[in-house]
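Chemist: next come a sequence and a model predicted from it.
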Amino acid sequence: ETGVTQSPTHLIKTRGQQVTLRCSSQSGHNTVSWYQQALGQGPQFIFQYYREEENGRGNFPPRFSGLQFPNYSSELNVNALELDDSALYLCASSLVGGELFFGEGSRLTVL
Amino acid sequence: GIQVEQSPPDLILQEGANSTLRCNFSDSVNNLQWFHQNPWGQLINLFYIPSGTKQNGRLSATTVATERYSLLYISSSQTTDSGVYFCAVFRGQNFVFGPGTRLSVLP
C-alpha cells in the first residue's frame, strides 16, 4: 500500500474523445509524475509537477496536459484520443528526486 | 538521453532456484530503483539503491554506480515472484525505466 490512489481504474473511450485521469499523492510528497506504459514495454515518462508547475516533460505531444492542485493531487488530461493512446497510465508521488511510489494505474482503452 | 538496458529479457525458473537480473545504464545517475510489476499492473517498490548493497528477505540488490550497473538477486524463488522486474534510473528531472525482465517461476 503506497498511499497513492488513481481513478478510474479502467475506462474505454473512442477515438477523438478527451479523458481525465486523477491521482492523489502520498501524504508528505510534493511531486507527482505521470508515466504511460504500453503493452509489453517499460513505463515512459510523460511529465512531472512540483508545486503546481510542470517541471519536466517527456516526448509527448501538447494534447497531453496536466494539473497539480494545492493538496498535491494531480490530473492528466489527454485530448483528441488516438488508438495508440491505449495504455496503462501510472501516477507516482515523491519528494523532488526521491523514491517513487506508484498507484495502481488507470487502464485506458481507445476504440 | 540516458539509455537503460536490462538482461535477460525473459527468464524461466523452477521454484527454489536462484537468479540474477542485471540493469546497465549509459551515464552517471543520481538514484536507482528496482520494481516488481504484479499481474494487475501495479509497480511494487523493491529497492531504492543509488549505490552499495541492500537486502530484504530473499531479495538483495547491488549498484556499482562507477561502472554503471545494478544487479537484483532473487534467492529460493517462489511462484509469487513471477512478473516483470524493472529498474529505473534518475538523472536530471525524472526516472527513466528499462524495458524489464519477465520472470516466470514454475511450481
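Modeler: Yes, it's here.
Chemist: all strands for chain A, in order.
Modeler: With DSSP state E as the criterion, chain A has strands at A:5-7, A:10-13, A:19-24, A:31-37, A:44-50, A:53-57, A:64-68, A:74-78, A:87-94, A:101-102, A:106-110.
Chemist: got those as a markdown table, with mean neighbour count, distance to chain B and mean pLDDT columns?
Modeler: (C-beta placed from N, C-alpha, C; glycine too.) Formatted as a markdown table, the strands of chain A follow (neighbours: other CB atoms under 10 Å in any protein chain shown; distance: least, CB to the nearest CB, whole Å; pLDDT from 0 to 100):
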| stretch | mean neighbour count | distance to chain B | mean pLDDT |
| --- | --- | --- | --- |
| strand A:5-7 | 17 | 10 | 96 |
| strand A:10-13 | 13 | 10 | 98 |
| strand A:19-24 | 20 | 14 | 97 |
| strand A:31-37 | 25 | 6 | 96 |
| strand A:44-50 | 22 | 5 | 95 |
| strand A:53-57 | 13 | 4 | 92 |
| strand A:64-68 | 19 | 14 | 96 |
| strand A:74-78 | 21 | 15 | 97 |
| strand A:87-94 | 25 | 5 | 96 |
| strand A:101-102 | 21 | 4 | 95 |
| strand A:106-110 | 19 | 7 | 98 |
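Chemist: tell me the centre residue of chain A?
Modeler: A:Trp34 (3.4 Å; CA atoms, centre = their mean).
Chemist: residues from chain B in reach of chain A?
Modeler: When proximity is defined as CB under 8 Å from any CB of the partner chain, chain B approaches chain A at B:30-31, B:33, B:35, B:40-43, B:45, B:48, B:86, B:88, B:90, B:92-100.
Chemist: if we use 6 Å, what do you get?
Modeler: Those residues of chain B that sit near chain A, judged by CB under 6 Å from any CB of the partner chain, are B:41-43, B:48, B:86, B:93-95, B:97-100.
Chemist: among the residues you listed, which are in strands?
Modeler: Those of the residues of chain B next to chain A lying in strands (DSSP E): B:43, B:48, B:86, B:94-95, B:97.
Chemist: centre of the chain versus the one helix or strand in chain B whose mean pLDDT sits lowest, how much separation?
Modeler: Here the helix or strand of chain B ranked lowest by mean pLDDT, DSSP states H and E is strand B:94-97, holding a mean of 92. How far strand B:94-97 lies from its chain's middle: 13 Å, per CA atoms, centre = their mean, to the nearest Å.
Chemist: please apply the same query to stretch A:54-67.
Modeler: With CA atoms, centre = their mean, you get 10 Å for stretch A:54-67.
Chemist: ok so, going back, parallel or antiparallel, list what pairs with the helix or strand just after the least confident helix or strand of chain B.
Modeler: Note on strand B:94-97: by DSSP states H and E, the next helix or strand toward the C-terminus is strand B:101-106. When pairing is defined by DSSP bridges, strand B:101-106 lines up against strand B:10-14 (parallel), strand B:83-91 (antiparallel).
Chemist: tell me the most buried of those strands?
Modeler: strand B:83-91 (a mean of 24; mean count of other CB atoms under 10 Å in any protein chain shown).
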